[in-house]
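In: using only what follows, build the 3D model:
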Amino acid sequence: MKRISRDTWLVIGLVALLLVVTAAAAVQEARAEIRETAPALSSLSTRPEGAAALRAWLDELGYTVSDHVGLGFDVPAETRLVWLLEPSTRIEVDEWKVLDRWVEEGGTLVLAGDGLGTAFALRHWDLDLHYLGQPIVDLPLQSPLPSAPPLAGPTTARAAACLQNSRDGSVVHLAVGACPVLVAFPQGAGWVVLSSAPNLFSNAGLKEAGNGELVLNVVGTAGRPGLVWFDEWHHGVRAAAPAIAGPGEWLRYTRPGNALLIGAGVVFLALVLQGRRFGRPVPLPQYTARRAPLEYVGAIANLTRRAGHRTAVLRRYHLWLKRDLGKRYRLGPTMPDDEYVERLAAYNPDLDAVALRSLLARLSRGRASEGEAVQWAAEAAAWMEKR
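Out: Below is the predicted model of the structure:
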C-alpha cells in the first residue's frame, strides 16, 4: 500500500481546517441573523435591562437622538453627548483616539455598566471595577451636577460594583463608602461621566425614584443643545454591507466568504513556507530516454540464457527448420524425422540427407552446452538460408 506523503497530509489538514472555519463562520452568521434581542443597555432593546426608554424619553424632551453607524467607527457630526452604555465589544485603540479627540473638542461622553466590556473600557482611564458582595439600592447624591432639576432624595442605583483608583480632578456624585459609583471629570474642553450602576439608565431603572432626575442632570452636562448619539457600534451593530451581486462581493462582505479568503491565504502561506513542489517533476519529451528495439531483444535473450531454456530453444529451431524446408513440398513439420528426410530427398536429389538427419537428431535431443546450442542454431539458420 502506497504511503501518503507529508505534503499530502499537510494539504488534507489545511483543507479540513478551512472547512471547519467556514462552517463555524456560517453558523455564527446564522445565529446573528436570527437573534432578535439586543444587548443590555442597547437603545434598541425594550427589555427591562435595555435603554429604549431613555432614547424615547430624550426624543420626547426635544433632543435630536441618533444611533446611526457607518462602515467604520466615527462620532456623527454635531454630536454633543455620546451614550456608551455597557459596551459588549472591545473598544480598539483607533476608536479611543476618535472618542478622545471628540471629547477634547467639547463633547460629553457617558460610560455606564458593570460588565466585562465596561471593565476593559475603564482601563483607558486607569480605573477598575470592584464588585460588591451585595447590590446597594439607595445612594444619595454627594456632589450636585451642574444642571437641573435638583434631586429630592437618594437615587435607586442598585449598584453591584464601584470604581477603584480615583482620578485626579474627578468629582464624585455617587459612592458606596469611599468607593465611587458615579464620577465626572473634565478632558480638554469636554467632560467624561463614568458610572458602575447601569440600572440608573435602564428601562426599568428610569421608573424608580431619583433616577430620572439624575439622568437629566447628566444630560445637562453636555451644555448647549446638539445631537445625542447612542453608541450601538460597540453593541455589535454595523452598517449594512453593499448588495451582494456576485462571488466577489460574497467573498468580501460575508463571514463565510471572509473565512474562505483567510483559509486560502493560510494554505498559500503554508505552501510558500514549505518551499516544496506541488508534485513530481514531469520530464520533457526530448529529455525522455527511449530504448532501441534491439535492447529488448538482447534483454529477452539474456533472460532465456540465464534460465537455461536451451532445450526449448533447440526444439523450436527443430520445428522451424522442418517447416521451412518442407514448405515448398507440402511436408508437415510433425512428420517423423527419418520419413521426413526420405520424402524430402525424393523431391530434392541434391539434398545432403545424412547431414540433415544428423542436425535434426541433435536439435531434437535438446541436451547441449551453450556453445553447442549456438553452433546447432547457426547450422539450422544456414540450412534455412540456402533452401
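In: quick one: low-confidence parts of the stretch 1-150 of the chain?
Out: Along the stretch 1-150 of the chain, segments meeting pLDDT under 70 span 1-2, 25-37, 146-148.
In: all helices for the stretch 251-387 of the chain, in order.
Out: 255-274, 293-307, 310-326, 337-347, 353-365, 370-385 (DSSP state H, counting those that start in this stretch).
In: a markdown table for those helices, including mean pLDDT, distance to Thr46 and mean neighbour count?
Out: The way it works is simple: take the backbone N, C-alpha and C, and place the C-beta from them, glycine included. Converted to a markdown table, the helices of the stretch 251-387 of the chain look like this (pLDDT from 0 to 100; distance: least, CB to CB, whole Å; neighbours: other CB atoms under 10 Å):
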| stretch | mean pLDDT | distance to Thr46 | mean neighbour count |
| --- | --- | --- | --- |
| helix 255-274 | 80 | 28 | 14 |
| helix 293-307 | 78 | 89 | 10 |
| helix 310-326 | 85 | 101 | 18 |
| helix 337-347 | 87 | 117 | 15 |
| helix 353-365 | 85 | 111 | 16 |
| helix 370-385 | 84 | 106 | 15 |
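In: can these go into JSON lines with extra columns for distance to Val65?
Out: Formatted as JSON lines, those follow (distance: least, CB to CB, whole Å):
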{"stretch": "helix 255-274", "distance to Val65": "31"}
{"stretch": "helix 293-307", "distance to Val65": "92"}
{"stretch": "helix 310-326", "distance to Val65": "106"}
{"stretch": "helix 337-347", "distance to Val65": "122"}
{"stretch": "helix 353-365", "distance to Val65": "116"}
{"stretch": "helix 370-385", "distance to Val65": "110"}
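In: quick one: closest of those to Asp114.
Out: Each of those has some distance to Asp114 by CB to CB; the shortest is helix 255-274, at 30.3 Å.
In: tally of neighbours for Glu213?
Out: 18 (other CB atoms under 10 Å).
In: contact partners for it?
Out: 149-152 (CB atoms under 8 Å, 6 or more residues apart in numbering).
In: following the helix or strand harbouring it, which helix or strand comes up?
Out: Following DSSP states H and E, one finds Glu213 within helix 211-220. Using DSSP H and E, the helix or strand that follows helix 211-220 towards the C-terminus is strand 227-230.
In: what's next to stretch 157-165, contact-wise?
Out: 114, 122, 126-132, 135-139, 174-176, 179-183, 194, 196-197, 199-200, 205, 211.
In: mind listing what the most centrally placed residue in the chain touches?
Out: Nearest to the mean C-alpha position of the chain, by CA atoms, centre = their mean, lies Gly263 at 3.1 Å. Going by CB under 8 Å, 6+ apart, Gly263 touches 14, 17-18, 21-22.
In: if you set the cut-off to 7 Å instead, what comes out?
Out: 17-18, 21-22 (CB atoms under 7 Å, 6 or more residues apart in numbering).
In: cool, Thr89 as well?
Out: 117, 234, 236.
In: let's see that with 6 Å instead.
Out: 234, 236 (CB atoms under 6 Å, 6 or more residues apart in numbering).
In: same deal with the one 3 residues further on?
Out: Under the criterion of CB under 6 Å, 6+ apart, the contact list for Glu92 is empty.
In: can you report phi and psi for it?
Out: Backbone geometry at Glu92, expressed as degrees, to the nearest 10, gives phi -80, psi 170.
In: again with Ala161
Out: With angles defined as degrees, to the nearest 10, Ala161 sits at phi -150, psi 160.
In: distance of it from Gly133?
Out: 11 Å (CB to CB, to the nearest Å).
In: more neighbours, those two?
Out: Each of Ala161 and Gly133 has its neighbours counted (other CB under 10 Å); Ala161 has more, 23 against 5.
In: ok, back up a step: for the helices of the stretch 251-387 of the chain, which one sits closest to Phe230?
Out: helix 255-274 (25.3 Å).
In: off-centre distance for that closest one?
Out: 6 Å (CA atoms, centre = their mean, to the nearest Å).
In: can you show me the CA trace of it as CSV?
Out: What follows is helix 255-274, C-alpha atoms only, in CSV (Å, rounded to 0.1, in the frame of the first residue of the first chain):
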residue,chain,number,x,y,z
ARG,A,255,-18.4,35.9,7.1
PRO,A,256,-18.2,32.6,5.2
GLY,A,257,-16.6,34.4,2.3
ASN,A,258,-14.1,36.1,4.6
ALA,A,259,-13.3,32.7,6.1
LEU,A,260,-12.6,31.2,2.7
LEU,A,261,-10.3,34.1,1.9
ILE,A,262,-8.4,33.7,5.2
GLY,A,263,-8.2,29.9,4.7
ALA,A,264,-6.9,30.3,1.2
GLY,A,265,-4.3,32.7,2.4
VAL,A,266,-3.3,30.3,5.1
VAL,A,267,-2.9,27.4,2.6
PHE,A,268,-0.9,29.6,0.2
LEU,A,269,1.4,30.8,3.1
ALA,A,270,1.9,27.2,4.2
LEU,A,271,2.9,26.1,0.7
VAL,A,272,5.2,29.1,0.3
LEU,A,273,6.9,28.4,3.6
GLN,A,274,7.3,24.7,2.8
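In: could you pull up the mean pLDDT of stretch 200-219?
Out: Averaging pLDDT along stretch 200-219 gives 92.
In: find the residue closest to Val110 in space, skipping its chain neighbours.
Out: Counting by CB to CB, 6 or more residues apart in numbering, Val110 lies nearest to Val193, which is 4.5 Å off, once chain neighbours are set aside.
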